[in-house]
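# Okay, predicted coordinates and the sequence, questions at the end:
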Amino acid sequence: MSATISLGVKASAPNEHGYRSFSLGELTFSRDEYFVYVHWPTGRHVMSADGFLRSLQRDVAWEFFYGIVNFDGVIGTVNHYGTVDLFAGRYNDAYRKAELDHAENFETPVIKATFQAMLDDWTNAAFDPFASPAETGGAFGPKRGSNTAAITRRRVTAKRMVGVPGDEALRSDANGHPVNRQFLDVPQDEPEIRAEPGFEGQVAAFNLFAYLSRSNVTWNPSVVSVCKDSLYCPTTEEYILPIIHGNDRVEWFVQLSDEIYWDVEDRDTGAVRAKVVMKPGDVAAMPADIRHQGYAAKRAMLLVWENGSRDLPGLIASGKAPTYPVDF
Ligand code: PHB
Ligand code: FE
């Protein structure tokens with residue numbers, strides 16, 4: 001039996017585990033106590049429910065992000081900034097060669113509404129897909145309640161540079177932003193500002209380490225400064241980046257603390273290209289033709305530096321701009 005909830009969301013009645021099934025075009029999604037099942041005309045796929053929900057959470061919260069969001073080596077989305085491809089096996093050499101891959105294009109609001117409904121229906125009360133595994137309950141079992149507050153939390157977006165008057169609430173225990181258990185050694189003192197006479201009140205500074213030490217989410221870059229297309233998006237990382245991100249532009253990583261391992265693969269085939277270990281102070285440019293997934297054994301601070309220009313994907317795809325950032 002099929003029921004339309006809103007904005008073309010196609011959902012079934014709950015199954016024996018309490019979960020609805022969802023469909024987008026010819027792709028269907030269902031879940032039971034441990035797993036998520038995806039079917040399309042030429043194939044089927046299974047994923048662990050926890051990893052699937054962590055990926056789904058980020059795809060929804062990031063409005064499908066830059067380029068490709070692979071939930072794993074088979075399922076994912078491509079952002080065309082207005083429409084989104086939902087694919088199975090499209091960026092997987094074996095599926096492509098066997099001609100078993102499948103992709104369909106949807107208006108962004110349509111796929112977003114279905115993804116949101118699926119995320120809400122499949123996330124139990126105990127589970128927070130943005131939290132590290134050590135800081136959340138489990139994703140498994142029959143349907144038990146919901147956690148709408150956690151899955152609809154807004155990405156913390158600075159209106160101006162952090163540090164200017166008005167953002168203090170983000171940096172205090174009293175406002176529900178305590179220092180994370182793994183950053184208790186991070187000094188909380190703020191910089192002393194000595195402005196030239198006449199410039200008092202116009203110069204701002206803040207302690208980025210202290211700010212990040214209070215983040216209660218993992219693998220969720222937040223825009224902290226904007227200068228034209230230059231976006232500074234620091235984030236705190238623990239366990240595994242749930243998605244394998246396929247770039248449509250170069251992005252820079254600055255390792256601010258601790259350590260992250262990156263698996264870097266060819267964006268289109270998944271062939272291994274590099275294993276990268278980033279230690280504090282290391283800087284890496286991720287090329288525009290790769291996909292990557294990060295691993296952090298201990299909560300780490302990472303600065304993701306994005307170029308938000310709308311022109312870049314087209315320039316790179318047409319060969320007018322290179323896939324790498326610098327000629328040495
Ligand atoms: C990335 O794909 O570049 C990325 C995504 C989320 C993070 C860090 C990096 O938290
Ligand atoms: Fe990336």
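Noted; the coordinates are in hand. Numbers count the residues shown, from 1 in each chain. Ligands and ions are numbered 1, 2, ... in the order given.

# near ligand 1, which residues of the stretch 101-250 of the chain show up?
Applying Cβ under 6 Å from any ligand atom, one finds that the stretch 101-250 of the chain approaches ligand 1 through 219-221, 235, 237, 241, 245. (C-beta placed from N, C-alpha, C; glycine too.)

# how much space between A126 and ligand 1?
To ligand 1, A126 is 23 Å away according to Cβ to the nearest ligand atom, to the nearest Å.

# N79 too?
Going from N79 to ligand 1 by Cβ to the nearest ligand atom gives 12 Å.

# Tell me, how many residues neighbour the residue lying closest to G281 once chain neighbours are set aside?
Distances taken as Cβ to Cβ, 6 or more residues apart in numbering place Q255 nearest to G281, at 6.5 Å, with adjacent residues excluded. For Q255, the neighbour count with other Cβ atoms under 10 Å is 20.

# about what we covered before: Produce a ChimeraX select command limited to the buried residues of the residues of the stretch 101-250 of the chain next to ligand 1.
Buried residues within those, by 16 or more other Cβ atoms under 10 Å, are selected in ChimeraX with:
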select :219,220,221,235,237,241,245
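
# So which of the residues of the stretch 101-250 of the chain next to ligand 1 belong to strands?
If you go by DSSP state E, these have 235, 237, 245 in strands.

# Between the residues you listed, which sits nearest ligand 1?
H245 (3.0 Å; Cβ to the nearest ligand atom).

# what's across from the closest one in the sheet?
Beta-bridge partners recorded for H245 (DSSP bridges): V69, H292.

# OK, contacts around it?
Contacts here follow Cβ atoms under 8 Å, 6 or more residues apart in numbering; on that basis H245 touches 65-70, 291-293.

# and P165, how far is that from F183?
In this structure, P165 and F183 are 25 Å apart, going by Cβ to Cβ, to the nearest Å.

# Could you tell me how many residues sit around V223?
17.

# ranges for the strands of the stretch 151-300 of the chain?
225-227, 230-240, 244-246, 251-255, 260-266, 272-278, 283-286, 290-307 (DSSP state E, counting those that start in this stretch).

# Between these, which one is closest to K112.
Between K112 and these, the tightest spacing by Cβ to Cβ is seen for strand 244-246, at 18.3 Å.

# Quick check: which element contains the spatially most central residue of the chain?
Centrality entry for the chain: nearest residue to the mean C-alpha point is R58, 4.0 Å, by Cα atoms, centre = their mean. If you go by DSSP states H and E, R58 is part of helix 49-61.

# near ligand 1, anything from that helix?
No: counting by Cβ under 6 Å from any ligand atom, ligand 1 has no neighbours in helix 49-61; the shortest distance is 7.3 Å.

# re earlier: quick one: which of the contacts of H245 is nearest ligand 1?
For the contacts of H245, the residue nearest ligand 1 by Cβ to the nearest ligand atom is H292; the value is 6.2 Å.

# For the closest one, give me its contacts.
241, 244-245, 247, 262-265, 286.

# just Y95 next, same as before
Counting by Cβ under 8 Å, 6+ apart, Y95 has contacts 43, 74, 88-89, 101.

# And what about it, helix, strand or coil?
Secondary structure, DSSP: H, G, I helix; E, B strand; the rest coil: Y95 is helix.

# Same question for D85.
strand.

# quick revisit: neighbour count winner among P165 and F183?
F183 (21 against 8).

# Chain neighbours aside, what residue packs nearest to that one?
S213 (3.6 Å).

# The residue nearest to the centre of the chain contacts W219, correct?
Yes: using Cβ atoms under 8 Å, R58 makes contact with W219 at a distance of 7.0 Å.

# what residues do the two have in common as contacts?
Residues touching both R58 and W219 (Cβ under 8 Å, 6+ apart): P242.

# surely Q293 meets G246?
No: counting by Cβ under 8 Å, G246 is not a contact partner of Q293; they are 10.5 Å apart.

# More neighbours: which of these two?
It is G246, of Q293 and G246, that has more neighbours when counted by other Cβ under 10 Å, with 26 against 18.

# you'd agree that one is up against R291?
Yes: because the distance of 4.0 Å satisfies Cβ under 8 Å, G246 is recorded as touching R291.

# Identify the contacts common to these two.
Joint contacts of G246 and R291 (Cβ under 8 Å, 6+ apart) are 68, 70, 91, 267.

# show me which of those neighbour ligand 1.
Within the shared contacts of G246 and R291, nothing lies near ligand 1 by Cβ under 6 Å from any ligand atom.

# Max pairwise distance over those: which two?
Across these, the longest distance by Cβ to Cβ is 9.2 Å; it joins N70 and R267.
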